[in-house]
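Trainee: coordinates only, no sequence provided:
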């Protein structure tokens, strides 16, 4: 089957051999996406939350290793066998109506994440124009009109790049990533020099780090963030991408399984080196010019533009801008595919632009970016469990005498087994997060396992016929 709206993106058909990409495309994209804008926000949040330097160094090492292994051995084998987008695979399993609802949730959450990166880039653009980055007390409060205008401009540019398709997104990341990674490393080195940390002993003693934590907690109130929280956060902050199988959409283009190791460059140069370097930016600013770390209400504010400018000058400003772009671009691209799943007859370009508009609106609310530690765990809890449905459908259904891709073969719009298996664990997870105060990332794996087990058990009761039905529609008609 062909999709006349695909434009070379193959949204509703397997990617043909002629369109497969070499490993270099994936290494460049993951470097650009994960050594990018979020790092300028998340790194300082570790210090603000009270994480010790030793816990951060060791916890990120373990957590990021687990993330790479999850991508390589959970996502890539399914992606290279099916070569379908996440959204089309789910449609075949769960039914079109249910997947439209999932796509709406998925697309909106991706837009909120991309919106935080629009905020990051705009914060840097505002520095030379003396446009402040204020974080309102209200979760959905706007910053000043000048900053909001910058968000609109930056959001338009990001959406235009993402609308060009995966090839343009990968090309942009390939060009930007090596330079950005070098700037991130330089930010960390310069920050250490600014704090007179010139040898290993001074680094391991970490007095500059503990002084920074004390300053933040004096202004913002006490917090703790322990070793296992760091491990689980590093592993599951991209839970929607690997446990949730969102990156099936990316790895369906992979020519070889070697591409599955590409997330390593993003995890260890981005979520390891860059997070620590970004945290050092805040520690240095607190030591040298603590007043610049404070917002109008006297609380410490994670302002990536100011952090980078004080450390690296104009180079830092440019890096923050581009870093925000390279995170937002593939995220908006994914969101556009999700929205296209709701309106299959629409073009991917149009839906990507819609996603860009939603992300820009989200970027106008700075508190969303200030809550990234909580947000990424929450969206992993919501989106991650549906990956268990794909995993069970791919590996286990036929072994238990059940039909895989049941909605396709039964022509059903809603696979009730999928709906209950997804929504029930997610409802429990969100209750624990928002009403019981459980750290959001802790809920991802329990919800994933519960969803997979429920899907398998409920399918026993809801399916009519077995995988041996010869009259079923062929899987890849």
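Mentor: Right, received. Where do you want to start? Just so you know, these numbers come straight off a predicted model, no measurement behind them.

Trainee: flag every buried residue along the helix or strand hosting residue 275.
Mentor: Per DSSP states H and E: residue 275 is located in helix 275-288. Going by neighbour count (16 or more other CB atoms under 10 Å), the buried part of helix 275-288 is 275-287. For the C-beta atoms, the positions are set from N, CA and C on the backbone; glycine is no exception.

Trainee: cool, and stretch 351-371?
Mentor: Result for stretch 351-371 [16+ other CB under 10 Å]: buried residues 351-370.

Trainee: again with stretch 13-23
Mentor: In stretch 13-23, residues buried by neighbour count (16+ other CB under 10 Å) are 13-15, 19-21, 23.

Trainee: now do stretch 418-431
Mentor: Here stretch 418-431 shows 418-419, 421-426, 429-430 as buried, counting by 16+ other CB under 10 Å.

Trainee: which one of those sits closest to residue 220?
Mentor: residue 430 (25.5 Å; CB to CB).

Trainee: ok, now which ones touch the closest one?
Mentor: Residue 430 is in contact with 378, 381-382, 443, counting by CB atoms under 8 Å, 6 or more residues apart in numbering.

Trainee: show me which of these are buried.
Mentor: For the contacts of residue 430, buried by 16+ other CB under 10 Å: 378, 381-382, 443.

Trainee: report the two of these separated the most.
Mentor: 382 and 443 (9.6 Å).

Trainee: give me the distance between the closest residue to residue 418 other than its chain neighbours and residue 413.
Mentor: Leaving aside its chain neighbours, residue 418 sits nearest to residue 94 (4.0 Å; criterion: CB to CB, 6 or more residues apart in numbering). Between residue 94 and residue 413 the computed distance is 9 Å (CB to CB, to the nearest Å).

Trainee: quick check: neighbours shared by those two?
Mentor: Common neighbours of residue 94 and residue 413 (CB under 8 Å, 6+ apart) are residue 407.

Trainee: tell me the buried residues in the strand or helix carrying residue 154?
Mentor: Assessed by DSSP H and E, residue 154 sits inside helix 145-162. Residues 147-148, 150-151, 154-155, 158-159, 161-162 are the ones in helix 145-162 that count as buried (16+ other CB under 10 Å).

Trainee: state the distance from the closest residue to residue 252 other than its chain neighbours to residue 20.
Mentor: Sequence neighbours aside, residue 83 is the residue nearest to residue 252 in space, at 4.5 Å (criterion: CB to CB, 6+ apart). Going from residue 83 to residue 20 by CB to CB gives 9 Å.

Trainee: show me what contacts residue 158?
Mentor: When contacts are counted by CB under 8 Å, 6+ apart, residue 158 touches 114, 117-118, 121, 324-325, 328-329, 332, 356, 359-360.

Trainee: which residue would you name as the spatial centre of the protein?
Mentor: residue 238 (4.9 Å; CA atoms, centre = their mean).

Trainee: quick one: contacts for it?
Mentor: Applying CB under 8 Å, 6+ apart, the residues contacting residue 238 are 34, 67, 376, 380.

Trainee: find me the pLDDT at the first one, would you?
Mentor: Among the per-residue scores, residue 34 holds a pLDDT of 80.

Trainee: picking up where we left off before, out of the contacts of residue 158, who has the most neighbours?
Mentor: With neighbours defined as other CB atoms under 10 Å, the most crowded of the contacts of residue 158 is residue 328; it has 38 neighbours.

Trainee: spit out the contact partners of that one.
Mentor: Contact partners of residue 328, counting by CB under 8 Å, 6+ apart, are 37, 114, 117-118, 121, 158, 162, 359.

Trainee: ok, back up a step: what residues are shared contacts of residue 382 and residue 443?
Mentor: 429-430.

Trainee: circling back: next one: the helix holding residue 275 to chain centre, how far?
Mentor: 23 Å (CA atoms, centre = their mean, to the nearest Å).

Trainee: tell me what that helix is packed against?
Mentor: With contacts defined as 3 or more CB pairs under 8 Å, 6 or more residues apart in numbering; DSSP states H and E, helix 275-288 has these neighbours: helix 37-48, helix 53-70, helix 166-194, helix 207-220, helix 304-312.

Trainee: out of those, nearest to residue 344?
Mentor: helix 166-194 (18.5 Å).

Trainee: residue 252 and residue 16, how far apart?
Mentor: When distance is defined by CB to CB, residue 252 is 11 Å away from residue 16.

Trainee: residues shared between the contacts of those two?
Mentor: residue 10.

Trainee: on that earlier part again, pipe the buried residues of stretch 418-431 into a markdown table and attach pLDDT and distance to residue 101 per row.
Mentor: Below are the buried residues of stretch 418-431 laid out as a markdown table (pLDDT from 0 to 100; distance: CB to CB, whole Å):
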| residue | pLDDT | distance to residue 101 |
| --- | --- | --- |
| 418 | 97 | 11 |
| 419 | 97 | 9 |
| 421 | 97 | 14 |
| 422 | 97 | 10 |
| 423 | 97 | 10 |
| 424 | 97 | 15 |
| 425 | 97 | 16 |
| 426 | 97 | 12 |
| 429 | 97 | 18 |
| 430 | 96 | 16 |
